[in-house]
Each structure stands twice: as structure tokens, then as C-alpha cells.
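J.: Quick one, what's the 3D model for this:
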Amino acid sequence: MKEGNEHLLALKSGSEKAFRTIMDHWYSRLFNFANGYLKNVEDSKEVLQDVFLSLWDHRANLAHNTNLNAYLYTLTRNRCIDLIRKERLILQFRTDKQEEYSRLTKNFEALSDPILDEIFAREIEVEIYRAVNKLPEQCRKVFTLSRRNGLKNREISATLELSEKTIESHLSKALKTIRKALERKFPETLLLITIISRRIGLISGINDFKD
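T.: Residues are numbered from 1 along each chain as shown. Take a look at the predicted model:
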């Protein structure tokens, strides 16, 4: 199975058979990934149940070119981080659980490794560029000058001979368009996308623009 994407269209249409095929293909790998950090079989099973339930619930919103491998590993990673964060909060003041707390902290840091963010960031960057390339020409120019060239609104206004209000309008439209594209490609991961995008300087203000 090549990333399972040949089953994506059937999944989006509500095929339980496609869903089971995808689940059978990824379950053991995702379980081993989760259990490697959680060291708890029941917790790992709970994480995977949550991951595949989320996949099914959001199947209709998946983009046709969604990378299922990246998507499922990202969901699993996020669920593990959430679970470890909660457990650390419970154990941090337990003097008899400091060894366990230390282990959880190391695993939390490992899951939060920037290398994993970099892998996901490449997926985000590709989708942002696709969305930007589909923008109307003037809107694309404004966004490029702002986010890629680092010009301020007044500088863009002078360069393109447009009012600052028009510049703000174009940026608002671009951010809304990109936000929707990312939501379609990476359902349930917009907060992580925002954090990573800002960290690597791809985009800012994406969460400021909602329907």
C-alpha cells in the first residue's frame, strides 16, 4: 500500500471497508510508536482508538492529496503529548513518583523534538505554497512581499501603489484562504500548524482569521 492514499477517496465517501484496510495497515506501526513513548499498553490502545475515531469522524474533510502516513503519525504524536502532559501534571508533586515523572519528561521532550516538527513543517510549507499560488495575482504579490520578503504594509503600499487599507484586505484574504487549505489538508491539527509555522517563519496571524 503506497501511503494508503489509494483508499483515501473511498474513505472520504464513507467506505467502512477502506477504513478497516487503512486501520489494518497502520495500527501496529502506530501502536509501537505510541507505546515506545508511553510504555503502557492500555494507554497506547486508547491513543490509537482516539486516532482512528478522529480519522473516521473527519474523513469527509480530508483533502484528496492528504498524506495519510504523515497525518496519522501526527495525530498519534499529538495524542501522546497530550496524555504525557496530563500525567506529568498529576505526578509533578509526588515525591514517590519522581522517577516516573523524569521518564515522562524525557519522553515528552523526545516527542516535542524539533526534528519531528521539521518533518511536518515540510508538509505544511508545500500546502501553503500551493494555496498561495492559487491566490489572485495582486493578492499573491501582497502576501509574497509581506510574508516572504518581510516588507511592512506601508512599504508594500508604496511598492505596489495601493492604499494600506487595500494591502490589509489582500493579506486578510490570503490568510483566510491559506487557513482553509490547511484545515482541509490537516484536520484537527491547526494549533500545531500555527505553532510550527510561526517557529519556522512561514506564516503568522493565521488563527486571527476565522469564518
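
J.: Could you use CA atoms for every contact and neighbour count after this?
T.: Fine.

J.: For residue 145, list the residues it contacts.
T.: Listed by C-alpha atoms under 8 Å, 6 or more residues apart in numbering, the contact set of residue 145 reads 151, 156.

J.: and with 10 Å instead?
T.: 151, 152, 153, 155, 156, 159, 160 (C-alpha atoms under 10 Å, 6 or more residues apart in numbering).

J.: Likewise for residue 55?
T.: Residue 55 touches 11-12, 19, 23, 49, 61-62, 68, 71-72, 75, 187-188, counting by C-alpha under 10 Å, 6+ apart.

J.: isn't residue 7 right up against residue 59?
T.: No: with contact defined as C-alpha atoms under 10 Å, residue 7 does not count as touching residue 59 (11.4 Å).

J.: quick one: common contacting residues for these two?
T.: In contact with both residue 7 and residue 59: 15, 19, using C-alpha under 10 Å, 6+ apart.

J.: Point out where this protein drops to low pLDDT.
T.: Filtered on pLDDT under 70, the chain yields the residue ranges 1-5, 86-123, 185-211.

J.: Okay, domains of it per the record?
T.: As recorded under automatic domain parsing, the domains making up the chain are 5-112, 116-208.

J.: Can you turn the buried part of the contacts of residue 55 into a ChimeraX selection?
T.: Only the buried entries of the contacts of residue 55 go into this ChimeraX selection, using 16 or more other C-alpha atoms under 10 Å:
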select :11,12,19,23,62,68,71,72,75,187,188
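
J.: residues touching the residue lying closest to residue 177 once chain neighbours are set aside, list them.
T.: Nearest in space to residue 177, with sequence neighbours left out and distances taken as C-alpha to C-alpha, 6 or more residues apart in numbering, is residue 131 at 7.0 Å. By C-alpha under 10 Å, 6+ apart, residue 131 lies in contact with 125, 140, 174, 175, 177, 178, 179, 180, 181, 182.

J.: And these, which is closest to residue 40?
T.: residue 182 (32.6 Å; C-alpha to C-alpha).

J.: which element is the closest one on?
T.: Using DSSP states H and E, residue 182 sits in helix 164-185.

J.: all helices of the chain, in order?
T.: Shown for the chain, the helices assigned by DSSP state H span residues 8-12, 16-38, 41-57, 68-91, 98-111, 114-133, 137-143, 153-160, 164-185, 190-199.

J.: coming back round to it: closest to residue 82 among the contacts of residue 131?
T.: Among those, and counting by C-alpha to C-alpha, the member closest to residue 82 is residue 182, at 21.6 Å.
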